[in-house]
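Colleague: whatever this is, show me its structure:
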Amino acid sequence: MDAQRSSRLNRLLLSLPEGFLADSAWLQDQGISRSSIRDYVDRGWLERIAPRVYRRPSQLTKVKATLRWDVVVLSLQHVMHKSLHVGGRTAIALYGYAHYVEAGDTSRVYLYGSGLPSWLAKLPISAQFETRSFGLFANSSSGVEAKHYDLRSGEASGSQKDAESTSPWEWSLTMSAPERAILEMIDELPHHESFHQVDVVMEGLANLRPQLLGKLLRECKSVKVKRLFLWYADRHGHPWFKHLDQTSIDLGKGKRQLVPQGHFDSRYQITLPMELFNAGGSNDGQ
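Modeller: Purely as a prediction, here's the structure:
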């Protein structure tokens, strides 16, 4: 191997930790040609796991360990430097509210970003990536945080750590704060989430930050999401709700019928499923 190819290989080994992924576009940006990629695969320095997607082998991958969704996301964020974050119900679960999320639905991983690669849908992975744009908010970064994430436990905690001094197995995961995640989850109503599921999650969100919520609600582009969030917040009466400044939140005009033949709430001008009221709780709204 000549000196130039050896230098490129050394840079690859430094930039791509064992067990992490890179696509062919990123590899070519590192100066590695298509023929060299094939050569690296033949020599066992790279492992092809899907069309245009490669992984640097490790002792774990040699025993055919399942490709994990969190390794994929961390690879996108830290190796390929894609602009994306984990949000919605996935972020809710990562913050410790997993017991409020229905069993069987945790295999859906919600990713928000721009220019997300099409090969995500082709990976041999048990989870299903649900990709969304940044379009819900005027500011795509509001309420997005980098949290310390431990790949061994699959748990997020604490604040961002310096990527240069942290093991890849402890890289920070960029994800929605709970305040943003619940709004993203509400945006999935009524087709991809259930009103009951959101109700159960909202019941558990007793420690949201009213200042951040106010900022997010002002920047939220969806009247439906804002009205629904306020209805749920009013229903559960968490202490933070009375500290939420609603005066600058644009709730639009006119009625919103979210379900046919539902219950009309006059305060927030929305029609909701009857089962929310049959199950008890406040917000009669007549």
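Colleague: E47: what's it in contact with?
Modeller: Counting by CB atoms under 8 Å, 6 or more residues apart in numbering, E47 touches 41, 54-57, 61. Quick note: C-beta positions are derived from backbone N, CA and C, even for glycine.
Colleague: phi and psi next, for F264.
Modeller: Main-chain dihedrals, F264, degrees, to the nearest 10: phi -90, psi 130.
Colleague: do you know the pLDDT at E188?
Modeller: Note on E188: pLDDT of 96.
Colleague: list the residues that contact it.
Modeller: Contact partners of E188, counting by CB under 8 Å, 6+ apart, are 88-89.
Colleague: what about 10 Å?
Modeller: 88-89, 108, 110, 130, 132, 194, 197-198, 225 (CB atoms under 10 Å, 6 or more residues apart in numbering).
Colleague: max pairwise distance over those: which two?
Modeller: R108 and V225 (19.0 Å; CB to CB).
Colleague: which of those two has more neighbours?
Modeller: V225 (22 against 17; other CB atoms under 10 Å).
Colleague: so what does that one have for phi and psi?
Modeller: Torsion angles, degrees, to the nearest 10, at V225: phi -60, psi -40.
Colleague: relative to E188, how far out is it?
Modeller: As for V225, its distance to E188 is 10 Å (criterion: CB to CB, to the nearest Å).
Colleague: number of nearby residues for the closest residue to G19 other than its chain neighbours?
Modeller: Of all residues not flanking G19 in the chain, S58 sits nearest, at 4.1 Å (CB to CB, 6 or more residues apart in numbering). Residues near S58, counting by other CB under 10 Å, number 14.
Colleague: ok, S58 - contacts?
Modeller: 17-20, 47, 65.
Colleague: repeat for V259
Modeller: Contact partners of V259, counting by CB under 10 Å, 6+ apart, are 189-190, 195, 270-276.
Colleague: any idea how far it is from Q269?
Modeller: Taking CB to CB, one finds V259 at 14 Å from Q269.
Colleague: check R34 too.
Modeller: Counting by CB to CB - R34 and Q269 are separated by 57 Å.
Colleague: what about these two, which has more around it?
Modeller: Neighbour count, other CB under 10 Å: between R34 and Q269, Q269 has more, with 18 against 10.
Colleague: can you tell me which of the contacts of V259 is nearest K221?
Modeller: Using CB to CB, L189 comes nearest to K221 of these, at 15.6 Å.
Colleague: just checking, R235 touches V200?
Modeller: No: the pair R235 / V200 is not scored as a contact, 11.8 Å apart, by CB atoms under 10 Å.
Colleague: tell me which of those two has more neighbours.
Modeller: Neighbour totals were compared for R235 and V200, and R235 leads with 20 against 15 (other CB under 10 Å).
Colleague: could you confirm that one falls within a helix?
Modeller: Yes: according to DSSP: H, G, I helix; E, B strand; the rest coil, R235 belongs to a helix.
Colleague: separation between it and K147?
Modeller: R235 sits 29 Å away from K147, going by CB to CB.
Colleague: what helix or strand does R11 sit in?
Modeller: Per DSSP states H and E: R11 is located in helix 3-15.
Colleague: what's the end-to-end length of stretch 250-263?
Modeller: 23 Å (CA to CA, to the nearest Å).
Colleague: on that earlier part again, list the contacts of the helix holding R11.
Modeller: 1, 22, 26-27, 30-33, 36-37, 39-40, 43, 45-46, 56, 78-79.
Colleague: need the buried ones from these selected in PyMOL.
Modeller: Selection of buried members from the contacts of helix 3-15 for PyMOL, criterion 16 or more other CB atoms under 10 Å:
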select buried, resi 22+26+27+32+36+37+39+40+45+46+56+78+79
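Colleague: taking the contacts of helix 3-15 one by one, which sit in strands?
Modeller: Within those, residues falling in strands by DSSP state E are A22.
Colleague: does V53 touch L120 like I think?
Modeller: Yes: counting by CB under 10 Å, L120 is a contact partner of V53 at 9.1 Å.
Colleague: wait, what's in contact with L16?
Modeller: By CB under 10 Å, 6+ apart, the residues touching L16 are 22, 26-27, 30, 45-46, 54-56, 75, 79-80, 168.
Colleague: tell me, how many residues neighbour the closest residue to H243 other than its chain neighbours?
Modeller: Spatial nearest neighbour of H243, excluding adjacent residues (CB to CB, 6+ apart): P210 at 4.1 Å. When neighbours are counted by other CB under 10 Å, P210 registers 17.
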